[in-house]
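Asker: below are the sequence and a predicted model; questions follow.
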There are 2 protein chains.
Amino acid sequence: MTRRQPSAALRADDLTAKARIRNAALDLFAANGAEATSLRAVAAAAGVTVGLVVHHYGTKEALREAVELAIVEQFAQTIASVPLGPCPPGQVTAARDRAVAAMLSANQAIVDYLRRAILDGSAGRVDLVSRLSQLSAQQVDDLREAGVASTKHTVGEQVVTIMVRQLGRLFLQPLVDRITDEFADDTGASMRPQLVVDVNH
Amino acid sequence: MTRRQPSAALRADDLTAKARIRNAALDLFAANGAEATSLRAVAAAAGVTVGLVVHHYGTKEALREAVELAIVEQFAQTIASVPLGPCPPGQVTAARDRAVAAMLSANQAIVDYLRRAILDGSAGRVDLVSRLSQLSAQQVDDLREAGVASTKHTVGEQVVTIMVRQLGRLFLQPLVDRITDEFADDTGASMRPQLVVDVNH
DNA sequence: TGCCTGTTTGTACAGTTGTATAGCAACTGG
DNA sequence: CCAGTTGCTATACAACTGTACAAACAGGCA
């Protein structure tokens, strides 16, 4: 059962075992929660044995950190992929928001993992929400240096707005959908109610 | 170590062991999640042994159901405690909303448990969200029979509005607070941004 | 060829989990 | 007075957990 990848690593379909393990962990952590996911389940989903998971990541906590790092990296790459050309102020922010929204809707596992990470609160360990917040803050700083972001509000306020508007709706929409589905027998053609999430500073 | 309650059961401070177990389970399930909470931790928090927990509730799943039933009961009692006197339409709904909001702000564990229950998705098992939705629906029906609720929208739409507005803000506010706290060093006196959660039908 | 470094496997171990069961203490109805 | 029920403890057990470790295996390089 010795499968072997000939060094051409980063193809989306033919990945290193290490990457396959990380992706499988993301999927399972997102679906069932990290605590409820055993290393053996991760290994089985990645098509390897437990020993290899331990060999590559050492501990389960390290594997979880690798997963979170990959999520942050995905955010950073998505933001960086939007060109910073000479646009009217606010245009770049909107474009980045759209890019992140598209990335999230294409990666349901990331949304699910984030939902768990946020609801957990997770006292003690280095936080994914903190890292994403700092990423957003850096994004705001960059735009300010380029002179395409308003300075009416503080950086913190702008970060809150970005995070809440981008994530809040994704987190709460399942609740709305489940409730509307439960009362769906009332009307044949029912429009899905749309959530509005915003912050008042 | 034989402690014994002399039959005066339902005092808020001197509870039956069965009730103490249920309360401890609610606290721990809310704080750490039900899957991450062992029956031994529940027993220790309630000051009893594991055997008694399983004696009273049989299985862990049954204990969880008892916890959820207690939550629903708390909602029902809170709603029922608001008098249904001859008021102008909409007044009763507002009073009930206020009562539920007060109850939730006094029981942080219920809020935390609900957040987990809702965001978990929790495929398969009988759902707490469903029960609360049905409670809300019954509430809307009652008000309609009494002629103090508008019939402009469907019952489903009204239930969604109630649930989302009452719960959505409570669930997302921790995210807002954590981010604002992280950037709190910017300004000495920072106002907490207030969340706005609503639905467009 | 032969060594060396990094993958990958298989298995073992101690700790924790949910659950089952046997037994003791106290109250209750007859 | 005593059989029965209930509250409660203690212990046991099989399953599963994260982690550790030795051995088999591959490819690159001298």
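Answerer: Okay, I see it.

Asker: alpha carbons only for contacts and neighbour counts from here, please
Answerer: Fine.

Asker: what about residue A:35, neighbour count?
Answerer: Residue A:35 has 12 neighbours, counted by other CA atoms under 10 Å in any protein chain shown.

Asker: can you tell me which residues contact residue A:179?
Answerer: Counting by CA atoms under 8 Å, 6 or more residues apart in numbering or on different chains, residue A:179 touches B:130, B:133, B:156, B:159-160.

Asker: host element of it?
Answerer: For residue A:179, the enclosing helix or strand under DSSP states H and E is helix A:169-182.

Asker: can you pull the buried residues of that helix?
Answerer: A:169-173, A:175-176, A:178-180 (16 or more other CA atoms under 10 Å in any protein chain shown).

Asker: so who does the closest residue to residue A:60 other than its chain neighbours touch?
Answerer: Leaving aside its chain neighbours, residue A:60 sits nearest to residue A:39 (7.2 Å; criterion: CA to CA, 6 or more residues apart in numbering or on different chains). Taking CA under 8 Å, 6+ apart, we find residue A:39 in contact with A:50, A:53, A:60.

Asker: so how far is chain B from residue A:54?
Answerer: Between residue A:54 and chain B the computed distance is 22 Å (CA to the nearest CA, to the nearest Å).

Asker: contacting residues around that residue?
Answerer: Contact analysis of residue A:54 by CA under 8 Å, 6+ apart lists residue A:60.

Asker: cutoff 10 Å now
Answerer: Applying CA atoms under 10 Å, 6 or more residues apart in numbering or on different chains, we find residue A:54 in contact with A:39, A:43, A:60, A:62-63.

Asker: which of the residues you listed fall in strands?
Answerer: Within those, no residue falls in strands by DSSP state E.

Asker: narrow those residues to those that are buried.
Answerer: If you count burial by 16+ other CA under 10 Å, the buried members of the contacts of residue A:54 come out as A:39, A:43, A:60, A:63.

Asker: tell me which other helices or strands the biggest helix by length in chain A touches.
Answerer: In terms of residue count, the longest helix belonging to chain A (DSSP state H) is helix A:60-80. Counting contacts by 3 or more CA pairs under 10 Å, 6 or more residues apart in numbering or on different chains; DSSP states H and E, helix A:60-80 is packed against helix A:17-32, helix A:50-57, helix A:91-106, helix A:108-120, helix A:128-145.

Asker: what count of nearby residues applies to residue A:135?
Answerer: Residue A:135: 18 neighbours (other CA under 10 Å).

Asker: restrict the contacts of residue A:39 to those near DNA strand C?
Answerer: Restricting these to those near DNA strand C by CA under 7 Å from any atom of the strand leaves residue A:50.

Asker: what is the nearest of the contacts of residue A:39 to chain B?
Answerer: When the contacts of residue A:39 are ranked by distance to chain B (CA to the nearest CA), residue A:60 comes first, at 15.1 Å.

Asker: can I see the domain layout of chain A?
Answerer: Listed domain ranges for chain A are A:10-58, A:67-201 (source: automatic domain parsing).

Asker: could you dump these to JSON lines with mean pLDDT?
Answerer: Shown next, in JSON lines, are these (pLDDT from 0 to 100):
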{"stretch": "domain A:10-58", "mean pLDDT": "88"}
{"stretch": "domain A:67-201", "mean pLDDT": "82"}
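
Asker: columns distance to residue B:83 on top of these, output as CSV?
Answerer: Listed next are the domains of chain A as CSV, based on distance: least, CA to CA, whole Å:
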stretch, distance to residue B:83
domain A:10-58, 42
domain A:67-201, 27
